[in-house]
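# Provided below for reference: sequence and predicted model.
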Amino acid sequence: MQYAMLIYAADDSGPTPESPEMGELMKAYGAFNTEAGEKGLIMAGEALQPTSTSTTVRMREGIIETTDGPFAETKEQLGGFYILNCETLDEAIEYAAKIPTAAYGSIEIRPVMIFDDKDLE
């Protein structure tokens, strides 16, 4: 089953750019990518730009409404994601715990809905 690993953290909770701690965090992400990649678990994964660059779209009564910024007010913001192909939820939890941001943020795990092409016709 594919699981989305949504990586959340408050903007000021992690290491600052260009600090030694950021270098260590990036090495930890490299190690995670290597381990999960070698096991063939990673289906996709990307870091996201800050929430200040986001746009939220809603369709109301045939009219497109856009709002600058994230859809909800929270301290923790979505900063990136992985999609891992894990056998069980327990395996997904094991790998979510290895994502470095789990040490100061949170990782939300959600099963990915897989549609058969005929479901979309």
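Received, thanks. Residues are numbered from 1 along each chain as shown.
# what ranges does the protein have for its helices?
Assigned by DSSP state H, the helices in the chain fall at 20-38, 89-98.
# so which of the ones you listed is nearest Ala9?
Ala9 lies closest to helix 20-38 among the helices of the chain, at 10.7 Å (Cβ to Cβ). The C-beta positions use only the backbone N, C-alpha and C, and glycine is treated the same way.
# list of residues touching the closest one?
Residues outside helix 20-38 that contact it (Cβ atoms under 8 Å, 6 or more residues apart in numbering): Gly14, Pro15, Thr16, Ile42, Gly45, Tyr82, Leu84, Tyr95, Lys98, Ile99, Pro100.
# which one of those is nearest Val112?
Using Cβ to Cβ, the contacts of helix 20-38 come closest to Val112 at Leu84, 9.5 Å.
# and Ile109, how many neighbours?
By other Cβ atoms under 10 Å, 15 other residues sit near Ile109.
# I figured it hits Tyr3, correct?
Yes: Ile109 is in contact with Tyr3 according to Cβ atoms under 8 Å; the separation is 5.4 Å.
# identify the contacts common to the two.
Taking Cβ under 8 Å, 6+ apart as the contact rule, Ile109 and Tyr3 both touch Leu89, Ala92.
# got the end-to-end distance for stretch 91-110?
By Cα to Cα, to the nearest Å, the extent of stretch 91-110 from end to end equals 13 Å.
# and it, what's buried?
Buried residues in stretch 91-110, counting neighbours by 16 or more other Cβ atoms under 10 Å, are found at Glu91, Ala92, Tyr95, Ala96, Ile99, Pro100, Thr101, Ala102, Gly105, Ile107.
# then stretch 58-77?
Glu76, Gln77.
# residue with max distance from the center of this structure?
Centroid-distance maximum for the chain: Glu61 at 31.1 Å, with Cα atoms, centre = their mean.
# who does Ile109 bridge with?
Met5 (DSSP bridges).
# looking at the chain, which helix or strand does the model trust least?
The weakest-scoring helix or strand in the chain, judged by mean pLDDT, DSSP states H and E, is strand 55-60 (a mean of 80).
# and that strand, what other elements does it pack with?
strand 63-68 (3 or more Cβ pairs under 8 Å, 6 or more residues apart in numbering; DSSP states H and E).
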